[in-house]
Each structure stands twice: as structure tokens, then as C-alpha cells.
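> test case, fold it:
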Amino acid sequence: MKRRLFVMTATATALTLGMASTAFAQTKWDLAAAYPATNFHTENLQQFANDVDKASGGKLKITVHANAALFKAPEIKRAVQGGQAQAGEILLVNFQNEWQIFGVDGLPFLADSYDESTKLYKAQKPALEKKLAEQGMNLLYAVAWPPQGIYSKKPLNSAADLKGIKWRAYSPATSRIAELVGAQPVTVQAAELSQAFATGVVEATMTSGASGVDSKLYENLKYYYDMQAWLPKNAVIVNKAAFDALDKPTQAVVLKAAADAEARGLTASKRVNVESMDKLKANGMNIVVPSAALKADMKKVGDTMVKEWLEKSGAEGKAVLDAYNKP
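So this is what the prediction gives:
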């Protein structure tokens with residue numbers, strides 16, 4: 001009886017120690033995201049987290065906090081840098097004032113197609129990785145939004161029709177566009193966009209078809225001008241110390257899942273671009289091909305902004321554009 005009791009106790013102790021060891025070996029990360037759970041970027045993030053969980057055998061669990069539930073969009077980068085969240089998804093153009101290279105893919109008509117956007121990313125990536133490393137972070141992957149167009153309550157025949165209009169801005173570049181066309185820039189983040197239009201805080205904005213569907217802009221706006229102006233990227237970043245704390249096999253799992261997410265995200269962005277136009281149209285939005293005058297006016301704005309960007313970014317910016325413009 002005593003021997004049996006000893007064996008049972010020893011077995012229970014071994015099981016307890018085994019469970020404790022398993023719990024200790026599991027690492028948990030919080031990933032802060034700014035967009036709704038139904039947005040294609042967030043769905044891609046969730047798939048990334050699922051892939052990491054499965055491939056690591058549960059050693060690394062990543063919880064995605066959508067719709068700015070953990071941190072607001074402008075706060076996410078600092079939160080990851082400071083370790084309040086191990087990982088996060090940021091819209092790179094939001095941080096152009098901090099470092100000009102962050103904003104290169106928000107320059108109107110510089111890279112205005114998926115192919116050009118991919119080419120620009122390749123030119124930007126080495127500098128981007130270097131800068132983030134200096135700030136204590138790693139770049140995991142990046143995915144472009146669909147091309148940006150203008151949403152408006154009223155018809156637009158030229159840039160003159162934007163004068164005095166309350167223009168929703170979400171980045172330094174979108175604020176500068178407003179200034180150059182004589183509109184009034186009002187900063188509104190994605191999570192508050194629908195309410196801002198419903199209450200008349202803003203009357204026009206430049207964003208993607210996907211964002212228009214997310215925020216149901218068709219409920220308050222009539223026109224979408226398909227400008228194909230630029231394709232800003234969301235980047236998924238991780239705190240370097242958190243990544244370095246993982247064992248090598250788990251690091252490899254994260255990097256493989258990130259590469260898969262980048263490829264999957266690009267495919268999803270292209271699909272969502274088409275689907276978004278269909279959804280906007282089905283809900284009564286007028287999808288308008290911009291007039292020659294409006295296109296020409298906005299192209300001038302883009303030319304001015306590229307010139308200003310080069311002046312501010314100096315040799316570093318020139319090197320990125322030179323790499324981008326190589327045949």
C-alpha cells in the first residue's frame with residue numbers, strides 16, 4: 001500500500017512539474033492593431049498568429065488586439081518600441097514627420113500601382129530595417145493598402161472644388177495635400193472615421209476602397225473618385241528584445257509565418273480592391289473616373305510633394321528614389 005501511494009505521489013509530482021515546465025516554456029505576445037477585425041489586414045494578422053501558434057507547437061501565442069483596442073494607431077509604434085506590446089501593425093506614412101523615409105509610399109502618384117508599390121518597397125526596405133533596428137525593433141512584413149481615391153459629399157471637377165472643404169487627414173502627407181488644394185485638414189483616425197463624416201466634422205478624404213467599406217462611408221458620402229494615387233503600406237513590427245528572447249527554432253517560425261503573411265496580404269489587397277469597389281457601388285456610391293482637370297491638378301500636388309520630400313530627406317531619400325527608379 002505504501003509503495004503504491006509512493007508511486008502515485010511520484011507520478012502526480014512528475015505531471016505537475018511537466019505542466020509547470022510547459023507553462024513556463026510558452027511565450028505570450030500582444031499584437032496591437034488599429035483596424036476592425038473584419039479588415040483584410042487584421043484577418044491576415046490573425047492568420048499569421050494562428051500559423052505561429054501551430055508551427056511552434058503552442059510555444060508562442062500571439063493575441064491580436066483589433067480596432068485600436070489596445071493602443072490608438074499613432075501610439076502603436078512607441079508601445080512596441082517601449083515593450084508595452086511585443087508586436088504591432090502600423091501605417092508607415094503616419095510617422096513621416098519622425099523620419100521622412102517612413103512616408104515615401106504616401107507621396108501622390110510616385111508609385112500608383114501594385115507593381116510599382118512592390119518596387120518602391122524593395123527600394124525602401126533596407127533603410128527601413130536599419131532605422132527600426134536602431135529603435136529597438138524588427139520589421140516582420142509589410143502589406144500595401146489598395147490604391148487611394150477621393151471620397152466627397154459633392155462632385156469634384158477640379159482641385160478648385162476642394163477649396164475650403166473639411167478634409168480628413170491621417171498622416172503628414174494627407175495634411176499637406178489639404179494645404180496645397182486649399183482644404184481644411186482635420187486629423188481623424190480610422191476608428192473614428194464613420195462618426196466624423198456622420199457629424200459633419202469632415203466632408204472629404206483620400207483613402208482606399210477597403211477603408212470606405214470598413215467605415216460604411218456610403219452612408220454619408222455620394223462620390224468616390226478612383227484616383228489610383230498611392231498605395232500606403234501597413235508594417236508589422238516586433239520589439240527586438242522580445243524577438244531575441246525566443247529560441248532559434250521559434251524565431252524561424254515567426255519569420256516563415258511573416259513571409260507567408262506578406263505574400264498572402266498582397267493577394268488579399270488586390271482581391272479586396274475589386275470587392276470594395278463592388279460593395280461601394282452596391283450601396284449607392286458613385287464610382288467616378290476623375291476628370292482630366294482633377295487628375296492633372298492632383299498630379300501637380302504630387303510633384304510638389306515629391307520635391308519637398310527630397311529636400312527634407314536629403315541623401316537618404318535620394319538613395320531610395322534612385323534605387324526605385326532603376327530600370
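> give me every residue that touches the one residue sitting closest to the centre of the chain.
Central residue of the chain (Cα atoms, centre = their mean): Asn234, 2.2 Å from the mean position. Counting by Cβ atoms under 8 Å, 6 or more residues apart in numbering, Asn234 touches His41, Glu89, Ile90, Leu91, Leu92, Ala142, Val143, Trp145. For glycine as for every other residue, the C-beta is placed from the backbone atoms N, C-alpha and C.
> what's the spacing between the third one and Trp145?
Taking Cβ to Cβ, to the nearest Å as the measure, Ile90 falls 13 Å from Trp145.
> what of the fifth one?
Counting by Cβ to Cβ, the gap between Leu92 and Trp145 amounts to 11 Å.
> which residues are in contact with Val301?
Listed by Cβ under 8 Å, 6+ apart, the contact set of Val301 reads Pro108, Ala159, Ile177, Leu180, Val181.
> which one among these gets closest to Pro290?
Pro290 lies nearest to Ala159 out of the contacts of Val301, by Cβ to Cβ, at 10.4 Å.
> residue ranges with poor pLDDT in the stretch 101-250 of the chain?
Within the stretch 101-250 of the chain, not a single segment meets pLDDT under 70.
> relative to Glu308, which of the contacts of Val301 is nearest.
Using Cβ to Cβ, Leu180 comes nearest to Glu308 of the contacts of Val301, at 9.7 Å.
> ramachandran coordinates for that closest one?
Main-chain dihedrals, Leu180, degrees, to the nearest 10: phi -70, psi -30.
> between Leu92 and Trp145, what contacts are shared?
Taking Cβ under 8 Å, 6+ apart as the contact rule, Leu92 and Trp145 both touch Pro232, Lys233, Asn234.
> from Lys61, how far off is the first one?
When Cβ to Cβ is applied, the distance between Pro232 and Lys61 equals 30 Å.
> of the two, who's got more company?
Pro232 (27 against 13; other Cβ atoms under 10 Å).
> the more buried one contacts Asn94, correct?
No. Counting by Cβ atoms under 8 Å, Pro232 stays clear of Asn94, with 9.0 Å between them.
> tell me the one among the contacts of Val301 nearest to Tyr151.
Nearest to Tyr151 among the contacts of Val301, counting by Cβ to Cβ, is Ile177 at 13.3 Å.
> the host helix or strand of the closest one - contacts with which helices or strands?
Element membership for Ile177 (DSSP states H and E) is helix 172-181. Contact here means 3 or more Cβ pairs under 8 Å, 6 or more residues apart in numbering; DSSP states H and E; on that basis helix 172-181 packs against strand 166-169, strand 184-187, strand 204-208, helix 292-325.
> out of those, which comes closest to Pro74?
strand 184-187 (9.2 Å).
> and after that closest one, which helix or strand comes next?
Heading C-terminal from strand 184-187, the first helix or strand you meet, by DSSP H and E, is helix 193-198.
> residues in contact with that next one?
With Cβ under 8 Å, 6+ apart, helix 193-198 has contacts from 168, 186, 188, 201-203, 205, 207, 211, 215-217, 219-221.
> which stretches in the stretch 101-250 of the chain count as helices?
Using DSSP state H, counting those that start in this stretch, the helices found in the stretch 101-250 of the chain span residues 114-134, 172-181, 193-198, 209-214, 240-244, 248-282.
> deepest-packed of those helices, please.
Most buried of the helices of the stretch 101-250 of the chain, by mean neighbour count (mean count of other Cβ atoms under 10 Å): helix 209-214, with a mean of 23.
> what's the burial count for Pro146?
As a burial measure, Pro146 scores 26 neighbours (other Cβ under 10 Å).
> same check on the one 5 residues further on?
Tyr151 is flanked by 28 other residues according to other Cβ under 10 Å.
> isn't it right next to Gly212, touching?
Yes. Between Tyr151 and Gly212 there is a contact under Cβ under 8 Å: 6.1 Å.
> overlap in contacts of these two?
Taking Cβ under 8 Å, 6+ apart as the criterion, Tyr151 and Gly212 both touch Tyr224.
> stretch 90-101: end-to-end distance?
Criterion Cα to Cα, to the nearest Å; first-to-last residue distance in stretch 90-101 is 14 Å.
> now tell me what touches that stretch from outside.
Contacts to stretch 90-101, defined as Cβ under 8 Å, 6+ apart, come from residues 34, 73-74, 76-77, 102-103, 105-106, 124, 127-128, 131, 142, 170-174, 232-235, 237, 309, 312-313, 316-317, 320.
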